[in-house]
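*Asks:* dropping a prediction and its sequence here:
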Number of protein chains: 4
Amino acid sequence: MQTAASAPHKVSRPRADALRNRERIVTAAREMFVECGADVPFDEVARRAGVGNATVYRNFPDREALVREVVCSVMDRTSEAAEELLAGAGDAFEALERFAHTAAEQRLGALCPVLSTAFDQHHPDLEAARVRLEALVARMMGRAKAAGQLRDDVDLGDLLIGIAQLSRPPAGTGCVNVDRFVRRHLQLFLDGMRAPARGSLPGAAVTVEDLRAN
Amino acid sequence: MQTAASAPHKVSRPRADALRNRERIVTAAREMFVECGADVPFDEVARRAGVGNATVYRNFPDREALVREVVCSVMDRTSEAAEELLAGAGDAFEALERFAHTAAEQRLGALCPVLSTAFDQHHPDLEAARVRLEALVARMMGRAKAAGQLRDDVDLGDLLIGIAQLSRPPAGTGCVNVDRFVRRHLQLFLDGMRAPARGSLPGAAVTVEDLRAN
Amino acid sequence: MQTAASAPHKVSRPRADALRNRERIVTAAREMFVECGADVPFDEVARRAGVGNATVYRNFPDREALVREVVCSVMDRTSEAAEELLAGAGDAFEALERFAHTAAEQRLGALCPVLSTAFDQHHPDLEAARVRLEALVARMMGRAKAAGQLRDDVDLGDLLIGIAQLSRPPAGTGCVNVDRFVRRHLQLFLDGMRAPARGSLPGAAVTVEDLRAN
Amino acid sequence: MQTAASAPHKVSRPRADALRNRERIVTAAREMFVECGADVPFDEVARRAGVGNATVYRNFPDREALVREVVCSVMDRTSEAAEELLAGAGDAFEALERFAHTAAEQRLGALCPVLSTAFDQHHPDLEAARVRLEALVARMMGRAKAAGQLRDDVDLGDLLIGIAQLSRPPAGTGCVNVDRFVRRHLQLFLDGMRAPARGSLPGAAVTVEDLRAN
DNA sequence: TATGAATGAGGCTTCATTCAT
DNA sequence: AATGAATGAAGCCTCATTCAT
């Protein structure tokens, strides 16, 4: 087989079609989570993925495992976008804006509700993805503050929550036209974050620790 | 029973009881919808309300009817707040801000997810409450625009969606500390709406018709 | 209503048909446990009882609760038999024999396997039934020993285990003719217990504590 | 089996592997049947045996085939013990006792429950093992009766059932300490079988035909 | 009218068995 | 020949809804 050279491990090769199946399950799950919420019948996910229901359980021992995989993969993709933006040499606030819109497109917020029910927020995989993403966002915000483009009294949690909330499917809509307004409203939120501040904010800047404190 | 004294005539007693029951059901439902989401077991609502489950069905033929009543009552209370603010003679934008925060406190957004599943958005009662609320909000926004305090390129739908999204329970949190950040982020959003505009917005102003088009 | 006089409690009367249903479920469960083992489909029990499956869950929140009720009721009936025998003034060993055969007929042993899987042996109800039964058996054995009819080197656990084991459906037989041989073999076992001892026994007398030590 | 010696040529290497696999499967199955009962997941047996699940199916077309092999191997080992005892010239009843305890140690009874569910009791292999074992036991009992050491009113089925029932895991115990009491109670049963009889037995002696009649 | 009970449909999960590598 | 993966058929349990008191 051609992968022998690139993967000389003795661990049994994870069969090609099995990998494909796993990928299809994750994809189907992401779509259905976004469209229908966290409580989609597992069998529906299986059907959309074109596999038997038990195959889902083979790959993900419980619901949490599947949810986690989906969430982590979305966070990772968002992190990649952030890394690219940080690598570029553009305007700091503009990078932040682009990041926010990219994250929204990734359905970062749409997936959050999935976490709500009986989900271990502290799983290592999830933590790792969060830490990575947060570090990147912190750097972007730091740059923008240093450039005097971002209010000083906002912090990482403010931006992340704003993105998450505003990019969620507007509820009451059957998830159609989700993006129709997201960019507008996210932009309004970002405008409100721009320096100079147009007024004081109630409460204190939401830090990374506050997010953890959930 | 103690109601006998206050209702000495023949048919008045059961009605008083029934009304109280209905009220308790709606209250319990609102609380549980906010706390636990739209899919709370019906029996739980009944238990919280202190009535039998069948009593819920007697008062609300189907789940939609109950949800609708809850949503309408919240909208109505929000409308009342708007009316008071309009009656007052304060600063136009400040009135808008107060309204937004009041609406958020009413859990307007928290209840939106309830609407999502198979819910007739066009029921007369709901329409009536919406029309009433939208008219009031439109007047408030008109005033603020006239005063040069509100961007011209935003419309009613922008504000309502912003309030709804930002006031929803942040997802992933078990609905605790819901309000902890809402005021901050709603304020950032409102700051972004303030005139003069800090940049152009993607898409077109979201009108009342757009909300309908969902 | 006519039951008001006979049941003047303020606790809501447990509806007549509901009680009947509960009883039918327990009866069906006992039969099926004996016939088919502990892992009979719950739905089958419901069908045999002539009720919907959910009714079983209404009455017994989990499988354990149903099993426990069945086991306790059998133990209680066995205890009643023991009490009658103790009240009578017959031969001590003969009373013991009668008790053993009665217990066997009650399927005391047949129900034991039910306990095996993930069953809380220490539930209060179960403990109470056990304590009651054991005290009675201890008295019967004490009498027989005092009369010089029962070996001194056997204890309560020896008798109870013997009854339990020998009265179980012989395995491999579809539970038909269960009783066909039970009386014979139980009698052989009892004959072996009779004084004077025909030889020494390996191990130590099995006490009530040993049963607990499972 | 012994055909390996008769065919030591070209094809013998893979056969050795296959034989070892088969042996490991049977061993694993016996252990798990005894420990956990008849309904152990097939995949678990495979894992304990260190082979893929499909390999189990290759060797044993259905569950019955595996169960049968396990049961037959245990019966055969018990028969071997009987043969040795018959070859020896010791006391007849003592030989019977030793046989009974050996059979109990072989978990003869522990495996019986495995037979219960939808199992063809009349498979040739099983019949052959039974016939062999029964013939041996019949001879042992015949000797003991001839020596005046064994009651006349008991037959082969009485002994075999007694052994099987008393050597089963006591149910309710997670199969721990299975043997803790078995020897004691088996001895009591054997003492009851000893001549002279201490009383009459209900029913008729259980013959080999009665066992078949199940 | 209000209640508690009953029901059946549906989701979750496991497992015996078959298939593709 | 041997493996790991895939499958579908149950079993368990919950819940919206209806019924009988």
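*Replies:* Looks like it arrived, so ask away.
*Asks:* for chain A, longest helix please?
*Replies:* Counting residues, the longest helix in chain A under DSSP state H turns out to be helix A:63-87.
*Asks:* is any residue of it near chain B?
*Replies:* No. Using C-beta under 8 Å from any C-beta of the partner chain, we find that helix A:63-87 stays clear of chain B, coming within 9.6 Å at best. Quick note: C-beta positions are derived from backbone N, CA and C, even for glycine.
*Asks:* after that helix, next one along is what?
*Replies:* helix A:92-105 (DSSP states H and E).
*Asks:* ok, and what's touching that next one?
*Replies:* A:78, A:81-82, A:85-86, A:88, A:137, A:140-141, A:143-144, A:146-147, A:149-150, A:159, A:162-163, A:166-167, A:179, A:182-183, A:186-187, A:190, A:194 (C-beta atoms under 8 Å, 6 or more residues apart in numbering or on different chains).
*Asks:* only the buried residues of it, if you could.
*Replies:* Judged by neighbour count using 16 or more other C-beta atoms under 10 Å in any protein chain shown, the buried positions of helix A:92-105 are A:Ala92, A:Phe93, A:Ala95, A:Leu96, A:Glu97, A:Arg98, A:Phe99, A:Ala100, A:His101, A:Thr102, A:Ala103, A:Ala104.
*Asks:* just the buried residues of stretch A:192-202, please?
*Replies:* A:Gly192, A:Met193, A:Arg194, A:Ala195, A:Ala197, A:Arg198, A:Leu201.
*Asks:* could you check the pLDDT of A:Leu115?
*Replies:* For A:Leu115, the pLDDT comes out at 58.
*Asks:* care to break chain A down by domain?
*Replies:* A:14-61, A:71-212 (automatic domain parsing).
*Asks:* and the first one, how far out from the chain middle?
*Replies:* Its chain's C-alpha centre lies 19 Å from the corresponding centre of domain A:14-61 when counted by C-alpha atoms, centre = their mean, to the nearest Å.
*Asks:* right, and A:Ala49 touches A:Arg30 too?
*Replies:* No. Counting by C-beta atoms under 8 Å, A:Ala49 stays clear of A:Arg30, with 10.7 Å between them.
*Asks:* which secondary structure elements does the helix or strand containing A:Arg183 contact?
*Replies:* Here A:Arg183 sits within helix A:178-193, counting by DSSP H and E. With contacts defined as 3 or more C-beta pairs under 8 Å, 6 or more residues apart in numbering or on different chains; DSSP states H and E, helix A:178-193 has these neighbours: helix A:92-105, helix A:156-166, helix B:156-166, helix B:178-193.
*Asks:* can you redo those helices as CSV with mean pLDDT?
*Replies:* Shown next, in CSV, are the helices and strands packed on helix A:178-193 (pLDDT from 0 to 100):
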stretch, mean pLDDT
helix A:92-105, 95
helix A:156-166, 93
helix B:156-166, 92
helix B:178-193, 91
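*Asks:* tell me if I'm right that A:Arg168 and B:Leu166 touch.
*Replies:* No. If you go by C-beta under 8 Å, A:Arg168 and B:Leu166 don't touch, sitting 10.2 Å apart.
*Asks:* can you confirm A:Leu201 is in a strand?
*Replies:* No. Judged by DSSP: H, G, I helix; E, B strand; the rest coil, A:Leu201 forms no part of a strand; its state is coil.
*Asks:* return the backbone torsion pair for it.
*Replies:* For A:Leu201, the backbone dihedrals are phi -110, psi 140 (criterion: degrees, to the nearest 10).
*Asks:* ok, it - contacts?
*Replies:* With C-beta under 8 Å, 6+ apart, A:Leu201 has these contacts: A:Asp153, A:Val154, B:Arg184, B:Gln187, B:Leu188.
*Asks:* just give me the neighbour total for the spatially closest residue to A:Ile25 that is not a sequence neighbour.
*Replies:* Computed as C-beta to C-beta, 6 or more residues apart in numbering or on different chains, the closest residue to A:Ile25 that is not its neighbour in sequence is A:Ala49, at 4.5 Å. For A:Ala49, the neighbour count with other C-beta atoms under 10 Å in any protein chain shown is 23.
*Asks:* likewise A:Glu127?
*Replies:* Neighbours around A:Glu127, by other C-beta under 10 Å: 13.
*Asks:* tell me how far it lies from A:Arg139.
*Replies:* 19 Å (C-beta to C-beta, to the nearest Å).
*Asks:* do the same with A:Met32
*Replies:* A:Met32 is 34 Å from A:Arg139, by C-beta to C-beta.
*Asks:* just A:Leu126 next, same as before
*Replies:* A:Leu126 is 21 Å from A:Arg139, by C-beta to C-beta.
*Asks:* A:Arg132 contacts A:Ser79, doesn't it?
*Replies:* Yes. Checked against C-beta under 8 Å, the pair A:Arg132 and A:Ser79 is within contact range at 5.1 Å.
*Asks:* between these two, which is the more surrounded one?
*Replies:* Higher neighbour count among A:Arg132 and A:Ser79: A:Ser79, with 20 against 17, using other C-beta under 10 Å.
*Asks:* list the contacts for that one?
*Replies:* Applying C-beta under 8 Å, 6+ apart, the residues contacting A:Ser79 are A:Ala129, A:Arg132, A:Leu133, A:Leu136.
*Asks:* for A:Met141, same thing?
*Replies:* Contacts of A:Met141 (C-beta under 8 Å, 6+ apart): A:Leu96, A:Leu150, A:Val154, A:Asp155, A:Leu156, A:Leu159.
*Asks:* can you do 10 Å?
*Replies:* A:Ala92, A:Phe93, A:Leu96, A:Phe99, A:Leu150, A:Val154, A:Asp155, A:Leu156, A:Asp158, A:Leu159, A:Met193 (C-beta atoms under 10 Å, 6 or more residues apart in numbering or on different chains).
*Asks:* any chance of TSV for those, columns distance to DNA strand E?
*Replies:* Listed next are the contacts of A:Met141 as TSV, based on distance: C-beta to the nearest atom of the strand, whole Å:
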residue	distance to DNA strand E
A:Ala92	44
A:Phe93	43
A:Leu96	38
A:Phe99	34
A:Leu150	42
A:Val154	38
A:Asp155	37
A:Leu156	34
A:Asp158	34
A:Leu159	33
A:Met193	38
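*Asks:* output the lowest mean pLDDT helix or strand found in chain A.
*Replies:* Across the helices and strands of chain A, mean pLDDT, DSSP states H and E gives its lowest value to helix A:3-6, namely a mean of 42.
*Asks:* does DNA strand F sit close to the next helix or strand after that one?
*Replies:* Counting by DSSP H and E, the element after helix A:3-6 in chain order, helix or strand, is helix A:16-36. Yes. On the criterion C-beta under 7 Å from any atom of the strand, helix A:16-36 is in touch with DNA strand F at A:Asp17, A:Ala18, A:Asn21.
*Asks:* elements contacting helix A:16-36?
*Replies:* helix A:42-49, helix A:53-59, helix A:63-87, helix A:108-115 (3 or more C-beta pairs under 10 Å, 6 or more residues apart in numbering or on different chains; DSSP states H and E).
*Asks:* buried sites along it?
*Replies:* A:21-22, A:24-26, A:28-34, A:36.
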